[in-house]
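> Sequence plus predicted model, see below.
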Amino acid sequence: MHKILVYAAYGWLTFTGVMHFVVDVVSQHLRGKHVPSTETTLYYGLHSAFALGQFVFGLLGLWLAWRSLDLFKEVPVVAVSLIAAAGWLAIAVLFMTYWEPRFNVAVFGVLVVAAALTGRATFEG
């Protein structure tokens, strides 16, 4: 169960990072939803950085899980993942007006906690 939850957490993060970029940057740019301006540049920059951060962190997590699944039983790995989730949640709450990014980050946080708890249970038991 621990292995499935670890791959689900970081796979979910990678998938939602790609989808966030496709929906909020590529799709809106191709449809011309925003006129060129400083605000548009900031909009695309915020969403690109947000999505790229999730994608890269998710890929790193998947690679670490593939190389050494036992790392996800360590407190520092779980703590860094939860800090990242808290940061993305803060950005989503403060700067994004819609709920989907908040939901995606919350799911990632819940999956990380569940993976940590199941890892601890198998590690101790």
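Received, thanks.
> can I get the CA coordinates of stretch 4-16 in CSV?
Provided in CSV are the C-alpha atoms of stretch 4-16 (Å, rounded to 0.1, in the frame of the first residue of the first chain):
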residue,chain,number,x,y,z
ILE,A,4,1.1,2.6,-4.4
LEU,A,5,0.5,5.8,-2.3
VAL,A,6,4.0,7.1,-3.0
TYR,A,7,3.6,6.6,-6.7
ALA,A,8,0.0,8.0,-6.6
ALA,A,9,1.2,11.2,-4.8
TYR,A,10,4.0,12.1,-7.1
GLY,A,11,2.3,10.8,-10.2
TRP,A,12,-0.7,13.0,-9.4
LEU,A,13,1.6,16.0,-8.9
THR,A,14,3.3,15.4,-12.2
PHE,A,15,0.0,14.9,-14.0
THR,A,16,-1.6,18.0,-12.5
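> Quick one: residues contacting residue 10.
Shown in contact with residue 10 (CB atoms under 8 Å, 6 or more residues apart in numbering): 57, 58, 59, 60, 61, 62, 65. Using the backbone N, CA and C atoms, a C-beta is placed for each residue, glycine as well.
> could you dump the residues you listed to TSV with distance to residue 26?
As requested, the contacts of residue 10 are arranged in TSV below (distance: CB to CB, whole Å):
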residue	distance to residue 26
57	20
58	18
59	19
60	23
61	24
62	22
65	28
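> which of these count as buried?
57, 58, 61, 62, 65 (16 or more other CB atoms under 10 Å).
> Looking at the contacts of residue 10, which is nearest residue 14?
Distance to residue 14 across those (CB to CB) is lowest for residue 58, with 3.2 Å.
> State the helix or strand in which the closest one lies.
In the assignment (DSSP states H and E), residue 58 maps to helix 38-67.
> Give the other helices and strands that that helix contacts.
helix 2-21, helix 75-95 (3 or more CB pairs under 8 Å, 6 or more residues apart in numbering; DSSP states H and E).
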